[in-house]
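Participant: quick one: sequence and predicted model below, then my questions.
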Amino acid sequence: MLSLLFFVGLFASCLVKPNTADYSYSGSVGGGGIAFASSAKGRITGIRVWEIQSQYITGIQLRHNYIWSKVFGRVYGPMLEMSLFDGEGVVQVSGKYHSNYIYQLIFITSRGRSLTAGQPYQKSFNFYPTHPESELRMLSGRHNGNGITALGAHWATGLNSNSTSE
């Protein structure tokens, strides 16, 4: 009887989905400079992007839960900002780049909303997760003091979609 209970418990534990996250990385595009990474705890709940109009992206800032990261790049030019709704995540990052700067950024959310900054100039890139239900967790890249020169996106699942805390 004890053996039967052991095997029933073992079988039931195999059916439980583990609380793990699936990660993927959209490889960096662009050029060189000083490396940055926006790593923080919690979901991304806001995005700020600075641009020189009709030129390139000068800075990026992400909010995780209620805390804004430092600005990567520099604060120069007009700022564009988007706050995400509860349960909303960034599911695609697209734009334009060249070897010297990121010229355009487009953030698409799980609700179909978007934030577009910069100009459509040079080569295109399109970042998206490889796992279903993943969302953007962090950005990494490079800047040269004047603007963002390279960008990569890190994606993960395993987040509670009804909560903004982790």
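Facilitator: Here it is on my side, so go on.
Participant: who does the host helix or strand of Ile60 pair up with?
Facilitator: Assigned by DSSP states H and E, Ile60 belongs to strand 57-64. The strands beside strand 57-64 in its sheet (DSSP bridges) come out as strand 44-51 (antiparallel), strand 67-68 (antiparallel), strand 72-73 (antiparallel).
Participant: pull the CA atoms of it into CSV?
Facilitator: In CSV, the C-alpha atoms belonging to strand 57-64 read as follows (Å, rounded to 0.1, in the frame of the first residue of the first chain):
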residue,chain,number,x,y,z
ILE,A,57,17.9,57.6,-30.8
THR,A,58,19.9,59.3,-28.0
GLY,A,59,18.6,57.5,-24.9
ILE,A,60,16.4,54.7,-23.5
GLN,A,61,14.9,54.2,-20.1
LEU,A,62,12.7,51.3,-18.8
ARG,A,63,10.4,51.2,-15.8
HIS,A,64,10.3,47.8,-14.0
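Participant: please begin residue numbering at 21 from this point
Facilitator: From this message on, residue numbering opens at 21, which makes the last subject strand 77-84.
Participant: ok now it, how far from the chain's centre?
Facilitator: Relative to the centre of its chain, strand 77-84 is centred 11 Å away, using Cα atoms, centre = their mean, to the nearest Å.
Participant: and the contacts of it?
Facilitator: Strand 77-84 is touched from outside by 58, 60-72, 88-97, 103, 121-125, 137-138, 158-159, 163, 166-168, with contacts defined as Cβ atoms under 8 Å, 6 or more residues apart in numbering. C-betas here are computed from N, CA, C, even on glycine.
Participant: got it, and stretch 51-64?
Facilitator: 80, 82-85, 87, 89, 92-93, 104, 109-110, 118-121, 155-165, 169-170, 179, 184-186.
Participant: follow-up on the earlier one: and the strands paired with strand 77-84: which comes nearest Ser114?
Facilitator: Nearest to Ser114 among these is strand 64-71; the distance by Cβ to Cβ comes to 13.1 Å.
Participant: pLDDT score assigned to the residue most central in space within the chain?
Facilitator: Centroid-nearest residue in the chain: Leu156, 3.1 Å away (criterion: Cα atoms, centre = their mean). Note on Leu156: pLDDT of 97.
Participant: any idea how far Gly79 is from Ser134?
Facilitator: With the distance defined as Cβ to Cβ, to the nearest Å, Ser134 ends up 19 Å from Gly79.
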